[in-house]
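**Q** structure for the following, please:
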Amino acid sequence: MIEIGAIDNDQMLLEGMSAWMSRLPDITLTALAVSVDEFLAATRRPRIVILDLNLENFTDPADNVRRLVAVGHTVVVVSVIPDPVYIAATTEAGASAYVLKANNLGVLADVIRQVAAGETPMTTEHAFWLGRDARPERPQLSAREREVLVSYGSGCTVEAVGRVLGIAPGTVRTYLDRIKEKYARAGRPIEHRVQFLDRAREDGFGRGRLPPK
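**A** Reported below is the predicted structural model:
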């Protein structure tokens with residue numbers, strides 16, 4: 001029997017995954033956690049770990065992989081999107097596989113079996129994106145746009161960003177629209193909020209801290 005752990009801040013997803021895997025004859029999910037810290041603090045930690053790429057505590061995905069690998073875990077990263085930067089970063093950090101959540105759970109189960117056998121499986125999307133340029137175009141953002149990108153990405157509301165930067169909420173929204181437009185032109189669209197912070201990290205603009213007043 002292959003024992004695995006899972007780290008994901010989506011409790012419903014964890015419960016659904018656990019229920020599905022309970023029906024498999026050779027895989028059992030024995031440890032659930034919403035953060036790497038919680039998982040590492042547990043007394044029972046299976047060697048193989050399914051790790052969500054974007055945890056809500058804004059921890060760096062590659063750092064999360066490194067922390068787990070450093071204490072002997074084998075990491076399978078799961079993500080909503082095939083982001084080439086993070087595929088490359090987590091692979092370099094020691095992840096054994098990268099699987100899209102859009103795949104059916106049978107794909108994930110097959111990957112787990114391969115990892116348990118000591119293989120380093122590469123799913124179709126993994127191979128495709130690693131074969132592309134892992135350093136995509138960085139759009140030219142103004143200093144103010146970078147501040148808005150980091151502040152909004154860190155979890156601040158539009159109103160809070162405006163207060164910190166001394167601009168009106170409407171102006172903040174205009175900056176956000178410009179930022180999304182520039183990233184879309186660079187082939188790196190921002191489709192949901194967490195990707196604002198992703199783009200800031202990828203391009204070295206910050207890790208989510210508020211800019212100084």
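**Q** quick check: next helix or strand after the longest helix along the chain?
**A** Using DSSP state H, we find that the single longest helix of the chain is helix 169-185. Per DSSP states H and E, the first helix or strand lying C-terminal to helix 169-185 is helix 194-202.
**Q** for that next one, packing partners?
**A** helix 84-93, helix 143-153, helix 169-185 (3 or more C-beta pairs under 8 Å, 6 or more residues apart in numbering; DSSP states H and E). The way it works is simple: take the backbone N, C-alpha and C, and place the C-beta from them, glycine included.
**Q** and the angle for the last one with helix 143-153?
**A** Which is helix 169-185. 100 degrees (axes from the mean of the first three to the mean of the last three C-alpha atoms, to 10 degrees).
**Q** start and end of stretch 153-162, how far apart?
**A** End-to-end distance for stretch 153-162: 14 Å, by C-alpha to C-alpha, to the nearest Å.
**Q** quick one: buried residues of that stretch?
**A** Within stretch 153-162, the residues that count as buried by 16 or more other C-beta atoms under 10 Å are 153-154, 156, 158, 160-162.
**Q** quick one: contacts for Asp37?
**A** If a contact means C-beta atoms under 8 Å, 6 or more residues apart in numbering, then Asp37 has no contacts.
**Q** now it: which helix or strand?
**A** Applying DSSP H and E, one finds Asp37 within helix 36-41.
**Q** picking up where we left off before, mind putting the buried residues of stretch 153-162 in TSV, pLDDT, distance to Gln140 and secondary structure included?
**A** Output for the buried residues of stretch 153-162, formatted as TSV (pLDDT from 0 to 100; distance: C-beta to C-beta, whole Å; DSSP: H, G, I helix; E, B strand; the rest coil):
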residue	pLDDT	distance to Gln140	secondary structure
Gly153	84	18	helix
Ser154	82	22	coil
Cys156	87	23	coil
Val158	93	23	helix
Ala160	92	26	helix
Val161	91	21	helix
Gly162	92	23	helix
